[in-house]
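Student: predicted coordinates and the sequence they were generated for:
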Amino acid sequence: MKLLNTINSPADLKKLPCSVLEELAAELRDYIVQSVSKTGGHLSSNLGTVELAIALHYVFDTPADRLIWDVGHQSYAHKILTGRRDRMKTLRQLDGMSGFPKREESEYDSFGTAHSSTSISAALGMALAAKLKNENYTSIAVIGDGAITGGMAFEAMNNVGIYDDIKLLVILNDNDMSISPPVGALNRYFARLMSGKFYATAKNVGKTVLRGPILEIARRFEEHAKGLIAPATLFEEFGFNYVGPIDGHDVELLVSTLKNLKQRTGPQFLHIVTKKGHGYKLAEADPVLYHGLGKFSPEEGIKPPTGLKPTYADIFGNWLCDMAATDSKLIGITPAMREGSGMVQFAKDYPDRFFDVGIAEQHAVTFAAGLACEGFKPIVAIYSTFLQRAYDQLIHDVALQNLDVTFALDRSGLVGADGATHAGNYDMAYLRCIPNMVIMAPSNENESRQMLTTAFLYKGPAAVRYPRGAGIGAPVEKTFDSLPIGKGKVLRNGKNIAILAFGTMVAPSLAAGESINATVVNMRFVKPIDKNLILEMAQTHHALVTVEEGTVSGGAGSAVMEALAEEKMANPVLLLGLPDKFIDHGDVSQLLAIHKLDKNGIITSIQERFGKSADTCSIR
Ligand SMILES: Cc1ncc(C[n+]2csc(CCOP(=O)(O)OP(=O)(O)O)c2C)c(N)n1
Ligand SMILES: CC(=O)[C@@H](O)[C@H](O)COP(=O)(O)O
Ligand SMILES: [Mg+2]
């Protein structure tokens, strides 16, 4: 690492001659592989942006020039070059460095990202701010061929097109991959652009001479060539000056092209072509597997997991295939998360009923609504955090029309290494205020399957919110049992205190209840909440404790409070859940312990509030 070791900031990078940047890229790539192998993280995407990160920091004056990485899962090289090399060993761990750009982490992280397709909007905001402030910095958005399919990117480009005097550069990092292979007409369009060899050659001629007065000639040549041999690209129609496609792994070419673009005013669009996983054979061969991963051996690669409990996504995927076999109206929809959502087998078995709509959550939900109108039974498999994108579609297009759409809400609650941006902490709060919604939270894998069946059979919008990863290891029956809507289940009878637990919090609550002899209820439904059972608990216990893996602000515990208030019940209630703040990355078990949502934490909170002995507690 003789070059990389000398670089602690972009200023150090700028001291190097351009001729050694390729060598630096090799060192940086190796550093990323070694480092991610020890921490886990997003690998394939980061290996594809090494040359780009070097060239950007080499040519532009960051942080004065604003650099935004869309999604941000490809920003490790950028982090390393901007003084965070040593922090890579803490990547995505408790109190460690975030896996995404974060404004509070570094002045070089101009904008926090993680949910896709935001970069062009933010860059346009910054570019117009520069104009308003009379400053001359350039705002740069780096966006992938997956992320650019998101609606926001188009909204932003539509807006960009009306400004011809801003310093804005959009770089399309086209690796012909989303997490899975990319889908849609835009992807086909990129392939056509790439095959327009003559056009690219014409561009390359322009590229080599872009300086001084010759720049103008080159521009004219470019215009002439475009007019003659190729229609304007989509991006030119949007008002950009389009350059490319060029090889995104040729660092010297990137440097010279960026130098040219830096001189220009008006929206610029650079199309670069890269390979996901570039330079690490295993990731190149299987970029999907190496997209996001845990620790691994760089020499041997990822080993197939053995003897692991099935994840909730697996439970969903199995149920989906089983249910699809019994009901030809079932449709499975994913907004670009086929693997994470456990839909690989379903996609293989039922290609005509599987729809990957791209990174397009809003479209996914309204598309499902359309299918439901025509008598199909769509299931939208979506991460809790990404459903936030489609909130109005959920309300206006699905719930308001009481359409029969099932939401398989994965990654609910804490997600661990991805941190605050991806945490599914809000769904109980944001869903339960929507009329017509049914919301369930399973306490184990078998109940998850039962709830999926219940949601699917229910004639209206219903969500099953389940967590990332494996559950408690409950055996799963291959049947299609459904549950009575809005009914909880008493798991143990105790004295004085009734713990009303939701979803993942049932297991630690039960363990806590056994220690302090409290009644424990598996509430099962967040909506409709089991009011009768709540009243019964209030009448037979001094105090109620609600426990949920979600924000306490407006969450399931609040639903219990509302039920009590409606019936004028004045029992003391302790609401346990996640606090009203964003929770950073860390192991889920660490985070649950910190927020007192494990067995001991629940006991401590109850005893702090109600006294040491639950049997004889004095209710304060
Ligand atoms: C709104 C939103 N939906 C889904 C995701 C999950 N996601 C993260 S990266 C990714 C693929 C991005 O593809 P691309 O932009 O081409 O980047 P690449 O991984 O190819 O480098 C997806 C679907 C997300 N981060 N945000
Ligand atoms: C960057 C991004 O949004 C995804 O890659 C996400 O990190 C996947 O999360 P899971 O690992 O939970 O599928
Ligand atoms: Mg891509």
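Tutor: That came through fine. Ligands and ions are numbered 1, 2, ... in the order given.

Student: quick check: residues of this protein near ligand 3?
Tutor: Listed as neighbours of ligand 3 in the chain under the rule Cβ under 5 Å from the ion: 144-146, 175, 177. All C-beta atoms are positioned from the backbone trio N, CA, C, and that covers glycine.

Student: spatially, what comes nearest to the residue of the chain found nearest ligand 3 if we skip its sequence neighbours?
Tutor: In the chain, the residue that lies nearest ligand 3 is Gly144 (3.8 Å; Cβ to the ion). Counting by Cβ to Cβ, 6 or more residues apart in numbering, Gly144 lies nearest to Asn173, which is 5.0 Å off, once chain neighbours are set aside.

Student: backbone phi and psi for the one you found, please?
Tutor: With angles defined as degrees, to the nearest 10, Asn173 sits at phi -90, psi 100.

Student: surely it meets Thr49?
Tutor: Yes: using Cβ atoms under 8 Å, Asn173 is in contact with Thr49, at 6.4 Å.

Student: joint contacts of those two?
Tutor: Among the neighbours of Asn173, those also in contact with Thr49 (Cβ atoms under 8 Å, 6 or more residues apart in numbering) are 74, 142, 248, 274.

Student: can you list the low-confidence ranges for the stretch 301-450 of the chain?
Tutor: Across the stretch 301-450 of the chain, nothing is flagged by pLDDT under 70.

Student: change it to 90
Tutor: The stretch 301-450 of the chain contains residues with pLDDT under 90 at 304-308.

Student: contact partners for the closest residue to Pro10 other than its chain neighbours?
Tutor: In space, and not counting its chain neighbours, Pro10 is closest to His57: 4.1 Å by Cβ to Cβ, 6+ apart. Counting by Cβ under 8 Å, 6+ apart, His57 touches 10, 13-14, 78, 81-82.

Student: farthest pair within these?
Tutor: Lys14 and His78 (15.0 Å; Cβ to Cβ).

Student: who has more neighbours, those two?
Tutor: Ranked by neighbour count (other Cβ atoms under 10 Å), Lys14 and His78 place His78 first, with 27 against 12.

Student: wait, doesn't that one sit right on Ala53?
Tutor: Yes: between His78 and Ala53 there is a contact under Cβ under 8 Å: 4.5 Å.

Student: Val545: what secondary structure?
Tutor: strand (DSSP: H, G, I helix; E, B strand; the rest coil).

Student: tally of neighbours for it?
Tutor: Counted with other Cβ under 10 Å, residues neighbouring Val545 total 29.

Student: what's near enough to touch it?
Tutor: With Cβ under 8 Å, 6+ apart, Val545 has these contacts: 497-500, 518, 573-574, 576, 602, 605-606.

Student: where's Pro245, which helix or strand?
Tutor: strand 241-247 (DSSP states H and E).

Student: could you identify the helix or strand that succeeds that strand?
Tutor: Next element after strand 241-247 (DSSP H and E): helix 251-263.

Student: ok, and does whichever helix or strand comes after that following helix reach over to ligand 1?
Tutor: Where DSSP H and E defines the elements, the next helix or strand beyond helix 251-263 is strand 268-273. No: judged by Cβ under 6 Å from any ligand atom, strand 268-273 stays clear of ligand 1, getting no closer than 11.7 Å.

Student: excluding sequence neighbours, find me the nearest residue to Pro378.
Tutor: Leaving aside its sequence neighbours, Pro378 sits nearest to Ala368 (Cβ to Cβ, 6+ apart; 3.8 Å).

Student: wait, that neighbour touches Ala381, no?
Tutor: No: between Ala368 and Ala381 there is no contact under Cβ under 8 Å: 10.5 Å.

Student: among the two, which residue is more densely surrounded?
Tutor: Ala368 (31 against 25).

Student: secondary structure element for the more buried one?
Tutor: Element membership for Ala368, per DSSP H and E: helix 361-373.

Student: what does that helix rub up against?
Tutor: Contacts of helix 361-373 (Cβ under 8 Å, 6+ apart): 151, 331, 333-335, 355, 357, 378-380, 382, 386-387, 389-390, 392-394, 397-398, 401, 403-405.

Student: residues near whatever residue of the stretch 201-350 of the chain ends up closest to ligand 2, how many?
Tutor: For the stretch 201-350 of the chain, the residue closest to ligand 2 is Gly340, as judged by Cβ to the nearest ligand atom, at 3.3 Å. Per other Cβ under 10 Å, the neighbour tally for Gly340 reads 20.

Student: ditto for Phe582
Tutor: Phe582, neighbours per other Cβ under 10 Å, totals 11.

Student: name the SS class of Tyr189, please.
Tutor: Assignment for Tyr189 (three-state DSSP): helix.

Student: now it: closest residue in space that isn't a chain neighbour?
Tutor: Per Cβ to Cβ, 6+ apart, closest to Tyr189 is Leu234, 6.6 Å.

Student: distance-wise, check that neighbour relative to Glu536.
Tutor: 62 Å (Cβ to Cβ, to the nearest Å).

Student: also Arg103?
Tutor: With Cβ to Cβ as the criterion, Arg103 and Glu536 are 49 Å apart.

Student: the more surrounded of those two?
Tutor: Glu536 (14 against 11).

Student: check the offset of the helix or strand harbouring that one from the chain's centre.
Tutor: Counting by DSSP H and E, the element that carries Glu536 is helix 531-540. Computed by Cα atoms, centre = their mean, to the nearest Å, the separation of helix 531-540 from the middle of its chain amounts to 39 Å.

Student: list the contacts for Ile379?
Tutor: Per Cβ under 8 Å, 6+ apart, neighbours of Ile379: 320, 330-333, 368, 405-408, 456.

Student: remind me which residues of the protein are low pLDDT?
Tutor: Using pLDDT under 90, the chain drops low at 182, 187-233, 304-308, 612-620.

Student: which residues in the stretch 1-150 of the chain form helices?
Tutor: For the stretch 1-150 of the chain, applying DSSP state H, counting those that start in this stretch gives helices covering 10-14, 21-39, 44-48, 50-59, 76-79, 119-133.

Student: return the member of the contacts of His57 nearest to Val243.
Tutor: His78 (21.4 Å).

Student: that closest one and ligand 2: what is the separation?
Tutor: 15 Å (Cβ to the nearest ligand atom, to the nearest Å).

Student: am I right that His541 is in contact with Val573?
Tutor: No: at 10.7 Å, His541 does not count as touching Val573 under the criterion of Cβ under 8 Å.
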